[in-house]
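Trainee: Predicted structure and sequence below. I'll ask about it afterward.
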Amino acid sequence: MGKFITLEGMDGAGKSTHIPNIIALLASRGHEVISTREPGGTPLGERLRALLLHESMDAETETLLMFAARREHIARVIAPALARGAYVLSDRFTDATYAYQAGAKGVDVEKIAQLERWVQADLQPDVTLLFDVPVEVSVQRLASARTPDKFERESADFFSKIRTIYLQRAFDNPARFRIIDANKPLSEVKKLVEEIISTV
Ligand code: TMP
């Protein structure tokens, strides 16, 4: 079996910047690396992503579509890659559903847990890098970024709920999560990421 690594954090935490470096580090150790993302990662998943990021919808509809995209992603990409020994790096996974749909939008956590059991069975990431920044930093970074999607237009209160759930999940699952202070200078964050990846 390969390894399943996920990246999480609020919008604006800067996680995606580190993906090319992580891929290069893992590849330099001789691993096959599959870099993917959620929502997305398959042709159908990418079509669902376009709907999820730009259409207004009920929060439970949103949750179901996230898990529909995830099922497709696991069945067609993640599980086969892990089975052949590859390293799978996913920009977001189910922790994001707990943070955004449950934490910020109020979807019942137990419903999400049911979908998680159905869609994932016993699949969980081996390691999750949580890029943590104060809410003000995230909001400020988003304000100066590209045209915001539906999620990126949300308020500081919304992001504060997301951060709380992410940190809570990290404290509840210390063996899986590595919290990265992503408010540090980029060179320091890069070093922290490299240290963590060297242990995976
Ligand atoms: P990204 O901008 O990091 O690619 O993520 C896309 C957006 O989708 C981001 O604002 C978080 C949101 N999202 C959820 O709300 N729930 C989920 O389960 C996932 C995977 C992403």
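Mentor: It's in. Residues are numbered from 1 along each chain as shown.
Trainee: Least confident secondary structure element in the chain?
Mentor: helix 135-143 (a mean of 88; mean pLDDT, DSSP states H and E).
Trainee: Do that helix and the ligand come into contact?
Mentor: No. Against the ligand, helix 135-143 shows no contacts by CB under 6 Å from any ligand atom, the least distance being 9.8 Å. Where C-beta positions appear, they are placed from N, C-alpha and C, glycine not excepted.
Trainee: Show me which positions of that helix end up buried.
Mentor: 135, 137-139, 141-142 (16 or more other CB atoms under 10 Å).
Trainee: my read: residue 27 touches residue 21, true?
Mentor: No. The pair residue 27 / residue 21 is not scored as a contact, 10.7 Å apart, by CB atoms under 8 Å.
Trainee: Please, where are all the helices along the protein?
Mentor: For the chain, the helices defined by DSSP state H occupy 19-28, 43-54, 59-73, 79-83, 94-96, 109-120, 135-143, 156-172, 186-198.
Trainee: Just list what the second one packs against, helices and strands only.
Mentor: Meaning helix 43-54. The helices and strands touching helix 43-54, judged by 3 or more CB pairs under 8 Å, 6 or more residues apart in numbering; DSSP states H and E, are helix 59-73.
Trainee: Would you mark the buried spots in the helix it packs on?
Mentor: 62-73.
Trainee: Which residues of this protein lie near the ligand?
Mentor: 11, 37-39, 66, 91-92, 96-97, 100-101, 151.
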